[in-house]
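Engineer: Show me the folded form of this:
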Amino acid sequence: MPSGQARLTDITIGQGSHGLPCCPHVIMGMWFSTSPNDQCNNLGSVRFTDFSMHTCPHCGVGMAISSSVLKKINNLGAHRLGDTVSEMCGVGMSVVGSPNTTVG
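Structural biologist: The predicted model follows:
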């Protein structure tokens, strides 16, 4: 089903656990690694394997691990609203994407 293209600074949410007293805990992240030459609404487009920064004090990064099989950006699948994010210590998803650009 088509969904909004994830872009630079769009938000991810997940849950992570390192087995510490503060775990499991909610993780909020923001995309910082995107296409160098493809933009959506004047923001870089997120692709399969791009990275986000998140609020886990133990690991701090996430990676796009699901994407469109139909649309490619720089030969990588386009990551969309609702696609899965590996939070390295858990799992999450992109919860913000383009309001007017959908990807199948």
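
Engineer: Provide the strand pairings for the worst-scoring helix or strand of the chain on mean pLDDT, with the direction of each partner.
Structural biologist: For the chain, scoring each helix and strand by mean pLDDT, DSSP states H and E identifies strand 102-103 as the least confident one, at a mean of 85. Strands that pair with strand 102-103, judged by DSSP bridges, come out as strand 3-4 (antiparallel).

Engineer: for G82, what are its contacts?
Structural biologist: By C-beta atoms under 8 Å, 6 or more residues apart in numbering, the contact list for G82 reads 3, 93-95, 97. Glycine gets a C-beta too; all of them are placed from N, C-alpha and C.

Engineer: how about the residues you listed in CSV, adding neighbour count, pLDDT and distance to G104?
Structural biologist: What follows is the contacts of G82, written out as CSV (neighbours: other C-beta atoms under 10 Å; pLDDT from 0 to 100; distance: C-beta to C-beta, whole Å):
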residue, neighbour count, pLDDT, distance to G104
S3, 18, 90, 9
M93, 16, 98, 18
S94, 29, 98, 16
V95, 16, 97, 19
G97, 23, 96, 13
